[in-house]
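# Attaching a predicted model along with its sequence, questions to come.
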There are 2 protein chains.
Amino acid sequence: MVIDLSKVPISGGTGYPEPFRAAVAGRSRQRLGNAIGLTNFGVNLTTLAPGAQSALRHWHSHQDEFIYVISGALMLVTDTGETLLTPGMMAGFPAGVTNGHHLVNRSEEHATYLEIGDRTPGDRAEYPDDDLLALPKTEGGYYFAHRNGDLY
Amino acid sequence: MVIDLSKVPISGGTGYPEPFRAAVAGRSRQRLGNAIGLTNFGVNLTTLAPGAQSALRHWHSHQDEFIYVISGALMLVTDTGETLLTPGMMAGFPAGVTNGHHLVNRSEEHATYLEIGDRTPGDRAEYPDDDLLALPKTEGGYYFAHRNGDLY
(Lines give C-alpha, C1' and ligand atoms only; values in the text may rest on other atoms or scores of the structure.)
Protein backbone atom coordinates (compact mmCIF):
# COMPACT_ATOMS: atom_id res chain seq x y z
CA MET A 1 0.00 0.00 0.00
CA VAL A 2 1.41 3.37 -1.04
CA ILE A 3 1.65 5.86 1.78
CA ASP A 4 -0.33 9.08 1.37
CA LEU A 5 1.43 11.45 3.77
CA SER A 6 -1.47 13.89 3.59
CA LYS A 7 -3.65 11.30 5.35
CA VAL A 8 -1.31 10.36 8.21
CA PRO A 9 -1.82 12.38 11.40
CA ILE A 10 1.09 14.43 12.76
CA SER A 11 1.54 13.81 16.45
CA GLY A 12 3.66 15.53 19.06
CA GLY A 13 3.88 14.53 22.68
CA THR A 14 6.05 12.10 24.62
CA GLY A 15 5.66 9.44 27.25
CA TYR A 16 8.62 10.83 29.19
CA PRO A 17 7.95 12.06 32.72
CA GLU A 18 9.07 15.51 33.84
CA PRO A 19 11.68 16.97 33.85
CA PHE A 20 12.52 15.23 30.54
CA ARG A 21 9.69 16.41 28.32
CA ALA A 22 11.24 19.66 27.13
CA ALA A 23 14.05 17.84 25.29
CA VAL A 24 11.62 16.43 22.73
CA ALA A 25 9.10 19.30 22.68
CA GLY A 26 10.10 20.17 19.11
CA ARG A 27 9.66 16.63 17.82
CA SER A 28 6.68 15.63 15.68
CA ARG A 29 5.96 12.32 14.02
CA GLN A 30 3.84 10.67 11.40
CA ARG A 31 3.39 7.01 12.31
CA LEU A 32 3.50 5.60 8.79
CA GLY A 33 3.80 1.94 9.67
CA ASN A 34 0.82 2.05 11.99
CA ALA A 35 -1.16 3.98 9.36
CA ILE A 36 -0.92 1.14 6.85
CA GLY A 37 -1.24 -1.75 9.30
CA LEU A 38 2.36 -2.83 9.95
CA THR A 39 2.59 -4.48 13.35
CA ASN A 40 6.04 -6.10 13.62
CA PHE A 41 7.96 -2.86 13.37
CA GLY A 42 7.22 0.85 13.48
CA VAL A 43 8.15 3.36 10.78
CA ASN A 44 7.92 7.01 11.71
CA LEU A 45 8.55 10.07 9.56
CA THR A 46 9.90 12.38 12.23
CA THR A 47 10.64 16.12 12.14
CA LEU A 48 12.87 17.89 14.63
CA ALA A 49 12.54 21.66 14.97
CA PRO A 50 15.76 23.60 15.64
CA GLY A 51 17.00 22.62 19.09
CA ALA A 52 14.88 19.48 19.37
CA GLN A 53 16.11 15.97 20.08
CA SER A 54 14.94 12.62 18.72
CA ALA A 55 14.91 11.24 22.27
CA LEU A 56 17.01 11.39 25.38
CA ARG A 57 20.26 9.58 24.72
CA HIS A 58 19.42 5.90 25.20
CA TRP A 59 19.92 2.33 24.11
CA HIS A 60 17.50 -0.60 23.86
CA SER A 61 17.98 -4.05 25.34
CA HIS A 62 15.93 -6.06 22.80
CA GLN A 63 14.93 -3.81 19.92
CA ASP A 64 16.90 -2.71 16.88
CA GLU A 65 16.69 0.82 15.51
CA PHE A 66 17.55 2.29 12.10
CA ILE A 67 17.36 5.85 10.77
CA TYR A 68 17.58 7.44 7.30
CA VAL A 69 18.03 11.21 7.03
CA ILE A 70 15.70 12.84 4.49
CA SER A 71 16.31 16.56 4.94
CA GLY A 72 18.27 18.94 7.11
CA ALA A 73 21.24 18.16 9.34
CA LEU A 74 21.19 16.07 12.50
CA MET A 75 23.97 15.55 15.01
CA LEU A 76 24.24 11.93 16.10
CA VAL A 77 25.57 11.84 19.65
CA THR A 78 26.93 8.59 21.10
CA ASP A 79 29.53 7.45 23.65
CA THR A 80 32.16 7.78 20.95
CA GLY A 81 31.42 11.38 19.99
CA GLU A 82 29.40 13.32 17.49
CA THR A 83 28.77 12.79 13.78
CA LEU A 84 26.83 15.17 11.56
CA LEU A 85 24.26 13.32 9.46
CA THR A 86 23.05 14.88 6.22
CA PRO A 87 20.41 13.72 3.71
CA GLY A 88 20.95 10.20 2.49
CA MET A 89 23.01 9.17 5.51
CA MET A 90 21.91 6.25 7.63
CA ALA A 91 22.67 4.80 11.04
CA GLY A 92 21.57 1.80 13.04
CA PHE A 93 21.60 0.77 16.65
CA PRO A 94 21.53 -2.96 17.39
CA ALA A 95 19.61 -4.30 20.36
CA GLY A 96 21.74 -4.75 23.46
CA VAL A 97 24.66 -2.56 22.39
CA THR A 98 25.16 -0.30 25.40
CA ASN A 99 26.11 2.81 23.44
CA GLY A 100 23.54 5.51 24.14
CA HIS A 101 22.53 7.49 21.08
CA HIS A 102 20.22 10.25 19.97
CA LEU A 103 19.85 12.86 17.24
CA VAL A 104 19.99 16.58 18.00
CA ASN A 105 18.99 19.29 15.57
CA ARG A 106 21.55 22.02 16.18
CA SER A 107 20.77 23.77 12.91
CA GLU A 108 18.40 26.67 12.21
CA GLU A 109 16.22 24.57 9.90
CA HIS A 110 13.82 21.72 10.48
CA ALA A 111 15.23 18.25 9.83
CA THR A 112 13.33 15.10 8.87
CA TYR A 113 14.24 11.44 9.02
CA LEU A 114 12.73 7.98 8.88
CA GLU A 115 13.05 5.92 12.04
CA ILE A 116 12.40 2.19 12.12
CA GLY A 117 12.24 0.10 15.27
CA ASP A 118 10.91 -3.35 15.95
CA ARG A 119 8.58 -4.38 18.78
CA THR A 120 10.34 -7.32 20.38
CA PRO A 121 8.70 -7.89 23.79
CA GLY A 122 10.58 -7.41 27.05
CA ASP A 123 12.51 -4.41 25.82
CA ARG A 124 13.94 -1.86 28.22
CA ALA A 125 15.75 1.38 27.51
CA GLU A 126 18.58 2.87 29.52
CA TYR A 127 19.47 6.56 29.51
CA PRO A 128 23.14 7.05 30.39
CA ASP A 129 22.85 10.84 30.86
CA ASP A 130 19.69 10.81 32.97
CA ASP A 131 18.22 9.22 36.09
CA LEU A 132 15.74 7.31 33.98
CA LEU A 133 14.88 3.77 32.94
CA ALA A 134 12.11 2.67 30.54
CA LEU A 135 10.87 -0.73 31.65
CA PRO A 136 8.45 -3.07 29.92
CA LYS A 137 4.84 -3.26 30.98
CA THR A 138 3.38 -6.76 30.83
CA GLU A 139 0.67 -5.51 28.45
CA GLY A 140 3.22 -3.83 26.16
CA GLY A 141 4.68 -0.36 26.22
CA TYR A 142 6.93 1.10 28.91
CA TYR A 143 6.79 2.60 32.37
CA PHE A 144 9.44 4.99 33.62
CA ALA A 145 11.51 4.63 36.78
CA HIS A 146 14.50 6.19 38.47
CA ARG A 147 17.66 4.12 38.40
CA ASN A 148 16.96 3.04 41.98
CA GLY A 149 13.66 1.57 40.81
CA ASP A 150 11.37 4.26 42.24
CA LEU A 151 8.56 5.07 39.85
CA TYR A 152 8.15 8.46 38.28
CA MET B 1 26.59 3.27 14.20
CA VAL B 2 26.77 5.33 11.02
CA ILE B 3 26.65 3.28 7.85
CA ASP B 4 29.65 3.55 5.55
CA LEU B 5 28.26 2.40 2.21
CA SER B 6 31.77 2.00 0.79
CA LYS B 7 32.33 -0.85 3.27
CA VAL B 8 29.14 -2.83 2.68
CA PRO B 9 29.44 -5.57 0.06
CA ILE B 10 27.17 -5.44 -2.99
CA SER B 11 25.56 -8.80 -3.60
CA GLY B 12 23.55 -10.17 -6.47
CA GLY B 13 22.01 -13.59 -6.67
CA THR B 14 18.73 -15.08 -5.56
CA GLY B 15 17.44 -18.12 -3.77
CA TYR B 16 14.73 -18.65 -6.40
CA PRO B 17 14.81 -21.89 -8.34
CA GLU B 18 14.71 -21.91 -12.13
CA PRO B 19 12.87 -20.73 -14.19
CA PHE B 20 12.41 -17.74 -11.88
CA ARG B 21 15.94 -16.44 -11.56
CA ALA B 22 16.01 -14.22 -14.63
CA ALA B 23 13.35 -11.88 -13.22
CA VAL B 24 15.73 -10.62 -10.53
CA ALA B 25 18.98 -10.93 -12.45
CA GLY B 26 19.36 -7.13 -12.53
CA ARG B 27 18.87 -6.73 -8.77
CA SER B 28 21.78 -5.98 -6.43
CA ARG B 29 21.73 -5.31 -2.71
CA GLN B 30 23.78 -3.93 0.13
CA ARG B 31 22.66 -5.61 3.33
CA LEU B 32 23.02 -2.58 5.59
CA GLY B 33 21.26 -3.95 8.65
CA ASN B 34 23.35 -7.12 8.68
CA ALA B 35 26.50 -5.03 8.19
CA ILE B 36 25.96 -3.16 11.45
CA GLY B 37 24.59 -6.02 13.51
CA LEU B 38 20.82 -5.59 13.33
CA THR B 39 19.12 -8.95 13.83
CA ASN B 40 15.38 -8.30 14.31
CA PHE B 41 14.85 -6.81 10.88
CA GLY B 42 16.77 -6.48 7.66
CA VAL B 43 17.52 -3.23 5.85
CA ASN B 44 18.75 -3.48 2.28
CA LEU B 45 19.80 -0.73 -0.09
CA THR B 46 18.69 -2.30 -3.34
CA THR B 47 19.33 -1.28 -6.94
CA LEU B 48 17.28 -2.46 -9.90
CA ALA B 49 18.78 -2.20 -13.35
CA PRO B 50 16.40 -1.35 -16.21
CA GLY B 51 14.01 -4.27 -16.60
CA ALA B 52 14.74 -5.85 -13.24
CA GLN B 53 12.22 -6.71 -10.55
CA SER B 54 12.49 -6.48 -6.76
CA ALA B 55 11.09 -10.02 -6.51
CA LEU B 56 8.42 -12.12 -8.09
CA ARG B 57 5.04 -10.71 -7.11
CA HIS B 58 4.39 -12.12 -3.63
CA TRP B 59 2.98 -11.59 -0.17
CA HIS B 60 4.24 -12.75 3.25
CA SER B 61 2.21 -14.58 5.87
CA HIS B 62 4.02 -13.32 8.99
CA GLN B 63 6.49 -10.61 8.01
CA ASP B 64 5.92 -6.92 7.34
CA GLU B 65 7.70 -5.08 4.54
CA PHE B 66 8.35 -1.38 3.92
CA ILE B 67 10.10 0.43 1.08
CA TYR B 68 11.39 3.98 0.56
CA VAL B 69 12.38 5.09 -2.96
CA ILE B 70 15.70 6.92 -3.10
CA SER B 71 16.32 7.40 -6.82
CA GLY B 72 14.81 6.51 -10.16
CA ALA B 73 11.27 5.35 -10.88
CA LEU B 74 9.74 2.04 -9.85
CA MET B 75 6.40 0.60 -10.81
CA LEU B 76 4.61 -0.99 -7.88
CA VAL B 77 2.41 -3.80 -9.16
CA THR B 78 -0.33 -5.25 -6.95
CA ASP B 79 -3.73 -6.92 -7.32
CA THR B 80 -5.27 -3.45 -7.57
CA GLY B 81 -3.09 -2.17 -10.40
CA GLU B 82 0.08 -0.21 -10.95
CA THR B 83 1.45 2.89 -9.22
CA LEU B 84 4.61 4.71 -10.26
CA LEU B 85 6.84 5.40 -7.26
CA THR B 86 9.35 8.25 -7.46
CA PRO B 87 12.00 9.42 -4.98
CA GLY B 88 10.63 10.09 -1.51
CA MET B 89 7.62 7.85 -1.99
CA MET B 90 7.01 4.95 0.38
CA ALA B 91 4.90 1.84 0.55
CA GLY B 92 4.32 -0.94 3.02
CA PHE B 93 2.96 -4.46 2.93
CA PRO B 94 1.52 -5.82 6.18
CA ALA B 95 1.98 -9.47 7.06
CA GLY B 96 -0.90 -11.66 6.03
CA VAL B 97 -2.49 -9.27 3.54
CA THR B 98 -2.96 -11.46 0.47
CA ASN B 99 -2.22 -8.76 -2.09
CA GLY B 100 0.85 -9.80 -4.06
CA HIS B 101 3.27 -6.97 -4.76
CA HIS B 102 6.59 -6.24 -6.38
CA LEU B 103 8.56 -3.38 -7.89
CA VAL B 104 9.51 -3.35 -11.55
CA ASN B 105 12.01 -0.94 -13.09
CA ARG B 106 10.48 -0.11 -16.47
CA SER B 107 12.69 2.94 -16.94
CA GLU B 108 15.98 3.30 -18.78
CA GLU B 109 17.85 4.29 -15.59
CA HIS B 110 18.86 2.40 -12.47
CA ALA B 111 16.58 2.84 -9.48
CA THR B 112 17.45 2.48 -5.79
CA TYR B 113 15.32 1.98 -2.70
CA LEU B 114 15.52 0.96 0.90
CA GLU B 115 13.65 -2.22 1.82
CA ILE B 116 12.93 -3.20 5.39
CA GLY B 117 11.52 -6.54 6.47
CA ASP B 118 11.32 -8.27 9.82
CA ARG B 119 12.29 -11.85 10.57
CA THR B 120 9.27 -13.25 12.35
CA PRO B 121 9.63 -17.05 12.34
CA GLY B 122 7.24 -19.32 10.46
CA ASP B 123 6.86 -16.95 7.55
CA ARG B 124 5.82 -18.22 4.13
CA ALA B 125 5.50 -16.34 0.86
CA GLU B 126 2.93 -16.94 -1.83
CA TYR B 127 3.41 -15.96 -5.49
CA PRO B 128 0.05 -15.41 -7.18
CA ASP B 129 1.49 -15.24 -10.71
CA ASP B 130 3.75 -18.28 -10.44
CA ASP B 131 3.69 -21.95 -9.47
CA LEU B 132 5.82 -21.23 -6.43
CA LEU B 133 5.65 -21.21 -2.63
CA ALA B 134 8.39 -20.18 -0.22
CA LEU B 135 8.03 -22.25 2.92
CA PRO B 136 9.86 -21.92 6.23
CA LYS B 137 12.76 -24.19 7.08
CA THR B 138 12.88 -25.19 10.72
CA GLU B 139 16.38 -23.71 10.99
CA GLY B 140 15.29 -20.41 9.39
CA GLY B 141 15.18 -19.32 5.79
CA TYR B 142 12.96 -20.77 3.09
CA TYR B 143 12.66 -23.69 0.78
CA PHE B 144 10.76 -23.50 -2.51
CA ALA B 145 7.94 -25.76 -3.63
CA HIS B 146 5.34 -25.99 -6.34
CA ARG B 147 1.79 -25.21 -5.26
CA ASN B 148 1.08 -28.93 -5.11
CA GLY B 149 3.86 -29.29 -2.53
CA ASP B 150 6.46 -30.90 -4.79
CA LEU B 151 9.91 -29.52 -4.12
CA TYR B 152 11.89 -27.58 -6.67
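Yep, that arrived.
# Can you list the residue ranges for helices in chain A?
A:32-35 (DSSP state H).
# Would you mind listing what in it touches chain B?
Contact residues, chain A versus chain B (C-beta under 8 Å from any C-beta of the partner chain): A:1-3, A:32-33, A:36-41, A:43, A:63-64, A:66, A:68, A:70, A:76, A:83, A:85, A:88-95, A:97, A:114, A:116, A:118, A:120. (Glycine included, C-beta is placed from N, CA and C.)
# For ChimeraX, write the selection for the buried entries among those residues.
Selection of buried members from these for ChimeraX, criterion 16 or more other C-beta atoms under 10 Å in any protein chain shown:
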select /A:1,3,32,33,36,38,40,41,43,63,64,66,68,70,76,85,89,90,91,92,93,94,95,97,114,116,118,120
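# Out of the residues of chain A next to chain B, which sit inside strands?
A:41, A:43, A:66, A:68, A:70, A:76, A:83, A:85, A:90-93, A:114, A:116, A:118 (DSSP state E).
# Let's see the distance spanning stretch A:4-16 from one end to the other.
Stretch A:4-16 has an end-to-end distance of 29 Å (C-alpha to C-alpha, to the nearest Å).
# cool, and stretch A:98-117?
16 Å.
# buried sites along it?
The neighbour-count check on stretch A:98-117 (16+ other C-beta under 10 Å) flags A:100-105, A:111-117 as buried.
# ok so, going back, just the ones in strands among the residues of chain A next to chain B now: which is nearest A:Lys7?
Taking C-beta to C-beta as the measure, A:Val43 is the one of these closest to A:Lys7, at 15.1 Å.
# who are the neighbours in contact with the closest one?
With contact set as C-beta atoms under 8 Å, 6 or more residues apart in numbering or on different chains, A:Val43 has these partners: A:31-33, A:114-116, B:66, B:90, B:92, B:116.
# okay if I get those as CSV plus pLDDT?
Converted to CSV, the contacts of A:Val43 look like this (pLDDT from 0 to 100):
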residue, pLDDT
A:Arg31, 98
A:Leu32, 98
A:Gly33, 98
A:Leu114, 98
A:Glu115, 98
A:Ile116, 98
B:Phe66, 98
B:Met90, 98
B:Gly92, 98
B:Ile116, 98
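# so how far is stretch A:20-37 off the chain centroid?
Mean-position distance between stretch A:20-37 and its chain equals 8 Å (C-alpha atoms, centre = their mean, to the nearest Å).
# Would you mark the buried spots in it?
A:20, A:23-24, A:26-33, A:35-36.
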